[in-house]
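*Asks:* let's see this in three dimensions:
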Amino acid sequence: MKNRILCFTLYNSLNYGAFLQAFSIKEVLEKKYNKKVYFYRMPIKINFKGKSLKNKIFKISLILKNYKNIKKLKVINTKDGFDIAIVGSDEIWNVNNPTFYHMNEFFGIGLNSEKVVSLAASSNNSTHEDIIKKYDSNVFDNFDYISVRDTKTKNLFLKNNRYNDVYEILDPTFLIDWDNYYKDRRKKERYILLYGYHFSKKEIELIKKFANNKKMKVYSIGIYQNDFKNICCSPFEFINYVKHCDYMITKSFHGTIFSIIMKKNFVVFMEKNNIKIADLLKKMHLEDRLIENDINKLDCNINYNGIDMIIQKEREKSYEFINKWV
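*Replies:* Numbering: from 1, shown residues only. Presented below is the predicted three-dimensional model:
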């Protein structure tokens, strides 16, 4: 039986979502479809410029913790001998993102597999014009099956009738039951969890005021923040911290996803380029969680019954796409 799959994605970026989406792909295809999944070795891009010594030490510690988990992905150096090549998930088509190395393989170039598939790929804030300027107008012809994870990316294909069968599916992290993948270590204290880059001075003051009113600690997890206690832990420990926090504050796409999965009261501070987060919140009917100043929205409970129904419907659509090529 032909069952070898090679995946090209950003599994080793210094954020938890990068690894967890890759791990989700592996688990779904190996356990549900009995495939053998491998990951092509990616160069890692780390910026230490202008960082404090504590921040640099924090990043190095995070790299070491991530490395232990990356070994579970079966990372290899060859592209030969695979029946299916998967490109994605994550924002691999965002040619404007300077935080990772942009590889031709992300656009299906140089892949000799029988089938080439994009799985929940995203371009985030890159336009069609941005992409074809770097490649060419026929770059997506390299794919036999195309799926994306947001409406903005799906719109890349609307002008071309050759791409009539583009699926919009869930990020892979929505496809597995995370309660089976981490040790449930309950935290005795009540705390607010912070996950995101570049919080403004105004946002930090809002967070501090909210925490003081609640008499709670604020933990910044996975990303160093000068103003709060910093938690450096593995991706699976990250899930545990989300599970047991009282409130979640984020600017991260996967921070938003795991807030939803773990049914937390959360808010997302609005940013110019968080198109993919706005799209996700709209899909889940949670647009009110995207805020500028109204941090007290954290105290407004979320009715997750309706959201569970949306997720289940979107999961079915996601598996409908996977069943086409697996």
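*Asks:* what about the stretch 151-300 of the chain, any weak spots by pLDDT?
*Replies:* 159-162, 187 (pLDDT under 70).
*Asks:* would you map the strands across it?
*Replies:* Secondary structure of the stretch 151-300 of the chain (DSSP state E, counting those that start in this stretch): strands located at 167-168, 191-195, 217-221, 229-231, 247-250, 266-269, 290-291.
*Asks:* residues contacting the nearest residue to Arg185 once chain neighbours are set aside?
*Replies:* Distance criterion Cβ to Cβ, 6 or more residues apart in numbering; nearest residue to Arg185, sequence neighbours excluded, is Asn240 at 5.6 Å. From N, CA and C alone the C-beta is placed, and that goes for glycine too. Neighbour list for Asn240: Tyr182, Lys183, Asp184, Arg185 [criterion: Cβ atoms under 8 Å, 6 or more residues apart in numbering].
*Asks:* roughly how far does Asn240 sit from Trp178?
*Replies:* The gap separating Asn240 from Trp178 is 10 Å, by Cβ to Cβ, to the nearest Å.
*Asks:* same thing with Glu30?
*Replies:* Counting by Cβ to Cβ, the gap from Glu30 to Trp178 is 16 Å.
*Asks:* ok, which stretches of the chain are helices?
*Replies:* Using DSSP state H, the helices assigned to the chain run over residues 16-27, 53-70, 128-134, 151-154, 201-214, 235-244, 253-261, 275-283, 304-325.
*Asks:* Throw the ones you listed into CSV and include distance to Ile76, thanks.
*Replies:* CSV is the format used below for the helices of the chain (distance: least, Cβ to Cβ, whole Å):
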stretch, distance to Ile76
helix 16-27, 13
helix 53-70, 12
helix 128-134, 27
helix 151-154, 28
helix 201-214, 42
helix 235-244, 21
helix 253-261, 25
helix 275-283, 29
helix 304-325, 21
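*Asks:* returning to that earlier point: more neighbours: Glu30 and Trp178, which one.
*Replies:* Neighbour count, other Cβ atoms under 10 Å: between Glu30 and Trp178, Trp178 has more, with 18 against 15.
*Asks:* how many neighbours does the nearest residue to that one once chain neighbours are set aside have?
*Replies:* In this structure, Trp178 finds its nearest non-sequential neighbour in Ile239, 5.6 Å apart by Cβ to Cβ, 6+ apart. A count of nearby residues for Ile239, using other Cβ under 10 Å, gives 23.
*Asks:* got a list of what Ile239 touches?
*Replies:* Applying Cβ under 8 Å, 6+ apart to Ile239 gives the contacts Leu20, Trp178, Tyr181, Tyr182, Phe258, Met262.
*Asks:* and the residue nearest to Lys264 when sequence neighbours are not counted, how many neighbours?
*Replies:* Of all residues not flanking Lys264 in the chain, Met248 sits nearest, at 4.6 Å (Cβ to Cβ, 6+ apart). Number of residues near Met248 (other Cβ under 10 Å) recorded here: 26.
*Asks:* same question, Cys300
*Replies:* 11.
*Asks:* can you check Phe143 too?
*Replies:* Neighbours of Phe143 (other Cβ under 10 Å): 20.
*Asks:* next one: it from Phe157, what distance?
*Replies:* 10 Å.
*Asks:* how about Ile132?
*Replies:* As judged by Cβ to Cβ, Ile132 and Phe157 stand 12 Å apart.
*Asks:* just Ser89 next, same as before
*Replies:* For Ser89 relative to Phe157 (Cβ to Cβ), the value is 17 Å.
*Asks:* more crowded one of these two?
*Replies:* Each of Ser89 and Phe157 has its neighbours counted (other Cβ under 10 Å); Ser89 has more, 28 against 17.
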